[in-house]
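K.L.:
Build me a model from this:
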Amino acid sequence: DASSARTPLQAVLMADSFAQKLRPLTLERPKALLPIADAPMLDYALEWLAMAGVEEVYVFCCAHAKQIERHLEERKWSTPSFQVKTVVSTSCLSVGEALRTVDQRNVIRGDFILLSSDVVSNVNIQGALQAHKKRREADKLAIMTMVTRKVSDRHRRHRLGCHGLTMALDPEDGRLLAYQEGTASGAQAMRLYPSITQGRKCVEVCTDLLDCQINICAPEVLMLFTDNFDYQQLRRDFVCGVLSEEELGNKIYVHQLKRGYATQVQNLRTYDAVSRDIIERWTHPLVPDSNWLLSQSMLFSQKKTNGIEDTVVKMFRGNVYKAETVKVDHSAKVGPSCYIGSRSNVGAGTTIAHSVIGKNCKIGGNCHLEGCYLFENCTVGDNVTILRSLLAGNVTVHAGATVQPGCVLSFGVVIGKNHTVPSYTRLSLLQPVEPEGGSEDELEYTRKGSCATLSVGSASESDGWDEEDTGELAELKPSSAAMNAAHAAALKDPSSLKEEVEWDVSLVGQGAGWKWELPTGAEELYSIAPPPMTELEDASEEDDSVADGEEMFDLADTEGVATDGFEQSVDDLELFFRKEVTETFLRCVKEKFDQTNAVIELNALKIAEDRTFADCARYVLITILQLNLPAPSIISQQYVPLFQENPPPLTSLAEKTSFLASLKKRLEEWGPLLCRFLKSLDDQVEVLLTLEEFCGEEGVFSNGDHGKTYIPVFLLLLQLLYQQDIISEEAFLDWAREKENAEEEEKVLLNLAMPFIQWLEMAESEEEEEEDEEDEDE
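P.N.:
Got it, this is the predicted structure:
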């Protein structure tokens, strides 16, 4: 019957990236199992597939296959309604070989989703699936749909560290006509052949699309890989090959997302960007405080808690997440945008900002960690500074040491006392291996024989190779001599040292580790640390550098903001967006634009920066508030006359009344604009949270914005926003409920607002009583 003939929605999940951009980390642990916001990348991909309605997932394993299989078994991912199976082949060298192996297994029975395990997404894929199905019904040669989303060139290069991309599309049906990858400098010129334009009214050339690496494929895609052994890379070989073989008639289409989040973790720069997006909740519901790995799956009822910490994570003000078993000294300062995993301890006087601390980490006293990622079981001594770096599992940094921006310390590395690790250094207990062919797109691990001389303890340890792997390729692991020496260095116990190891003392001090060189040579552009603006400009083509320079936020012209590339705040991108919104709105004020033109200007900015209406509204509101204050340091000199010369004194009732009267006039003028941008209750609550940050002079408002001036009139300010119908009663009450469980120091402004909140609650209660009475009368 029809139900028995129904083909379940299937997916092929590539658990091997076939790349070496994250070396040396991926030599010891597969990229799919590297944690991002304290959860393995593979789990994000599986949870999204479950949310998308996939019923069967085939996880292809090559590098570290046993680790992948063990992880899937421990997490109990496979259930009757969501079956997860593995396809293992340790001899594959590329995506093409992997897909040929999948085809040989005859497990795919219909259209399927092809996804890499390093993609983090929360998009609703149903629209793309339905469009693909409809095209397939009309044309069996429509074999693939690629999912993309719009991003600015600055976002692509600076925040994601991705190369440029140019696509030529038929705007009528979204068919892909040409696909060309660029370089670090951005998209390259594309030649449109007559065969592309012939018979078409229009061809759309796009350089603002990000390839999300989510594909909806027909079974014929696997057959084409099997028939053509030249297809190794999915995009560079297969997509370009299909487009060039027009006589076969196969077609590829592009689906552009209108909303939602989807990004592939291609390199360390993208790892940093996606981690921040998770912490800042762009990936909701896949955010730490939803405890999605602990709770019931979004699709099926069986809990997947086996092997997972059973500690609930809670969110606090400023996007700070803490597991219940975390111990933070009362004098330590954590936040903003931080995550601290279960059983981790933070010592007295330590400051942590924009960082992710994994499970069971020990952070000493008087440390400073900014923009850092620590995996599980890391130990950091007292008075340590770590800036925008990544520390893998079981790393030890002894007291007084400094880790400069852009460093990667692989598993078990030890940094000696009072030692400074230079910027962009990669260290590992494994001796370096030569890059396979010098390419970025090679294996997570390496062939036997490609390893550099392993002189330390290698003879007795089978040259550090895993003898259990019986395939053509094998995995590296540190020799016992290296492990023992690192253990002795971590404990600072020379008596436990069995064999002397000649580490690079200039890099690790009295620690343990060898240096790894990057195959790309572009340490700064693809580092875990945001690249200096000068590096971005150098990477851009000369004819684009002037235009980009005019639009880019020039930190050198901003008082109080660090201009050194290594000292740039991790909030630079948000600060840049705030500056853009502020100056766009100020231009509307200065030139006396009407509301319609102001909406057009701000909407164009929203689209260009891939933001929401609420993002624009919250900074517009803050700008309106600031017009009653001295000019903030981020704005250009031409707008300074719009502001006040000095902060207003608000000590007397008359001064407060005059101050609020001026503000009321501005809100009456621009309130309708704010209302047009605040589309939902959540948007209004977000504005209130931003208002809190402004009044507390936190985050992007911490550099001379005079936000604390509004604290004496905070209660009256809320009433004014309510009276002008900018913020609704429900939004105020939701904001208050959201703050109920916050720590006391985070409820200062809420406490000031309590008389107003209580009045709203009373009014709401009376209204409900009146409605009940009316219902009874009826």
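K.L.:
which stretches of the stretch 601-750 of the chain form helices?
P.N.:
Here the stretch 601-750 of the chain has its helices, by DSSP state H, counting those that start in this stretch, at 613-626, 653-677, 681-696, 714-723, 729-738, 748-777.
K.L.:
pretty sure Gly260 contacts Asn122?
P.N.:
Yes: using Cβ atoms under 8 Å, Gly260 is in contact with Asn122, at 5.8 Å. For the C-beta atoms, the positions are set from N, CA and C on the backbone; glycine is no exception.
K.L.:
Serialize the helices of the stretch 601-750 of the chain to CSV and add fields for mean pLDDT, distance to Ser702 and mean neighbour count.
P.N.:
Listed next are the helices of the stretch 601-750 of the chain as CSV, based on pLDDT from 0 to 100; distance: least, Cβ to Cβ, whole Å; neighbours: other Cβ atoms under 10 Å:
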stretch, mean pLDDT, distance to Ser702, mean neighbour count
helix 613-626, 88, 13, 23
helix 653-677, 87, 22, 16
helix 681-696, 88, 9, 20
helix 714-723, 90, 18, 18
helix 729-738, 88, 22, 17
helix 748-777, 75, 16, 13
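K.L.:
right, so of those helices, which gets closest to Asn597?
P.N.:
Ranking these by proximity to Asn597 (Cβ to Cβ) places helix 653-677 first, at 10.7 Å.
K.L.:
and the angle from the closest one to helix 681-696?
P.N.:
For helix 653-677 against helix 681-696, the angle by axes from the mean of the first three to the mean of the last three Cα atoms, to 10 degrees is 150 degrees.
K.L.:
Can you check what angle separates helix 653-677 from helix 613-626?
P.N.:
Here helix 653-677 points in a direction 160 degrees away from that of helix 613-626 (the same axes, to 10 degrees).
K.L.:
Identify the residues contacting the residue most central in space within the chain.
P.N.:
Centroid-nearest residue in the chain, with Cα atoms, centre = their mean: Val274, separated by 1.2 Å. Contacts here follow Cβ atoms under 8 Å, 6 or more residues apart in numbering; on that basis Val274 touches 36, 120, 263, 265.
K.L.:
The helix or strand of the chain with the lowest mean pLDDT: what's the following helix or strand?
P.N.:
For the chain, counting by mean pLDDT, DSSP states H and E, helix 542-551 ranks last in confidence among helices and strands (a mean of 34). As assigned by DSSP states H and E, the chain's next helix or strand after helix 542-551 is helix 572-590.
K.L.:
Measure how that following helix sits relative to helix 681-696, angle-wise.
P.N.:
Going by the same axes, to 10 degrees, helix 572-590 makes 90 degrees with helix 681-696.
K.L.:
What residues of helix 572-590 count as buried?
P.N.:
Across helix 572-590, burial judged by 16 or more other Cβ atoms under 10 Å covers 572-586, 588-589.
K.L.:
Show me how far that helix is from its chain's centre.
P.N.:
With Cα atoms, centre = their mean, to the nearest Å as the basis, helix 572-590 stands 23 Å off its chain's centre.
K.L.:
got it, and stretch 388-401?
P.N.:
Distance of stretch 388-401 from the chain centroid (Cα atoms, centre = their mean) equals 22 Å.
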